[in-house]
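In: For reference, the sequence and a predicted model appear below.
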Amino acid sequence: MNEKEAKETSKFLSLILRHAPETIQLQLDENGWASVNELITKSNQFGRELDEEILDYIVENNDKKRFAFSGDKTKIRASQGHSIEVELDLKEVYPEHFLYHGTVAKFLEAIQKEGLQKVSRQYVHLSKDEETAIKVGSRRGKPIILSIDAPKMVTDGYSFYLSENGVWLTDHVPVEYIKFLM
C-alpha cells in the first residue's frame, strides 16, 4: 500500500469510525467498536476495498495512531475525535505540565472570548508538546500555538483524559487558562 492509498483509507476510516458509520450501514457499539468482519464486508459492498491486511497496515502505521484493535483483533475503533456519542471508557488523568493546542488565526477571536470549545466533538483535543500542536495547527494554515495551564485547571476541578494514542482530552478550556504564544 502506497502512502496516498494509506492516507485515503485512513480518512475513510475516520469518517466511518468517528463521524458517520451509517455511510456504509455499519453498527458501532456504545464504546465505538465495530466488528472487523462487518467493517470489511460493508466497506467492500460500498466500493471501498478493505481487508485485514489493509486494516493492520493502517492501525500500525498511522502517524497519529488514530485507530486501535481490541485485544483479539475482532473489533476496531477510533481512539478519539468522535462527533458521535460513544463511551471510550477513559480514565481521568492529571497532567503535571502545560499542554498545547494548535489553531489558526481565523479562530483566535472566538477562542479569546469563549476559550477552547469542543464544538462538534466529544472533547477538546490537546497535545503534550508544542511540536505536535504545530503539526495540528498547520493542517489549516499558519499555526498559532496556545499553551494551556493544565495543572491549574486540575487544581480548579477540571477533568482530563488521555486517549490511547496520547491525545489529551477535556470538555472545555476557559480563557483564563490559555496563554496565546502566537
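Out: Received the coordinates, thanks.
In: Does V175 touch K113 like I think?
Out: Yes - with contacts counted by Cβ atoms under 8 Å, V175 reaches K113, the gap being 7.3 Å. Where you see a C-beta, it was placed from the backbone N, CA and C, and this is true even at glycine.
In: Name the residue in these two with the higher neighbour count.
Out: The neighbour comparison of V175 against K113 (other Cβ atoms under 10 Å) goes to V175, with 12 against 8.
In: What ranges in the chain fall below the confidence cut-off?
Out: 182 (pLDDT under 70).
In: Would you map the strands across it?
Out: 34-35, 67-69, 75-78, 99-103, 116-117, 124-126, 144-148, 161-162, 168-170, 172-173, 178-180 (DSSP state E).
In: Could you list every helix and strand in contact with the fifth one?
Out: Helices and strands touching strand 116-117, as assessed by 3 or more Cβ pairs under 8 Å, 6 or more residues apart in numbering; DSSP states H and E, comprise strand 172-173.
In: Mind giving me the packing neighbours of the strand it packs on?
Out: Looks like strand 172-173 contacts strand 116-117, strand 124-126 (3+ Cβ pairs under 8 Å, 6+ apart).
In: For the longest one, give me every contacting residue.
Out: Read that as strand 124-126. When contacts are defined by Cβ atoms under 8 Å, 6 or more residues apart in numbering, strand 124-126 is touched by residues 80-81, 99-101, 116-118, 136, 148, 150, 167-173.
In: Please name the strands paired to that strand in the sheet, noting orientation.
Out: In the sheet, strand 124-126 lines up against strand 168-170 (antiparallel) (DSSP bridges).
In: just to revisit the earlier point, can you convert the helices and strands packed on strand 172-173 into CSV and add a column each for mean neighbour count and distance to Y94?
Out: Below are the helices and strands packed on strand 172-173 laid out as CSV (neighbours: other Cβ atoms under 10 Å; distance: least, Cβ to Cβ, whole Å):
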stretch, mean neighbour count, distance to Y94
strand 116-117, 18, 19
strand 124-126, 22, 13
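In: Can you list the residue ranges for helices in this structure?
Out: Per DSSP state H, the chain carries helices over the ranges 3-14, 36-45, 52-61, 108-114, 130-138, 150-155.
In: Once you drop chain neighbours, what's closest to the residue located most distally from the centre of the chain?
Out: Most distant from the centre of the chain: Q45, at 26.8 Å, with distances by Cα atoms, centre = their mean. What sits nearest to Q45 in space, not counting adjacent residues and going by Cβ to Cβ, 6 or more residues apart in numbering, is I24, at 7.3 Å.
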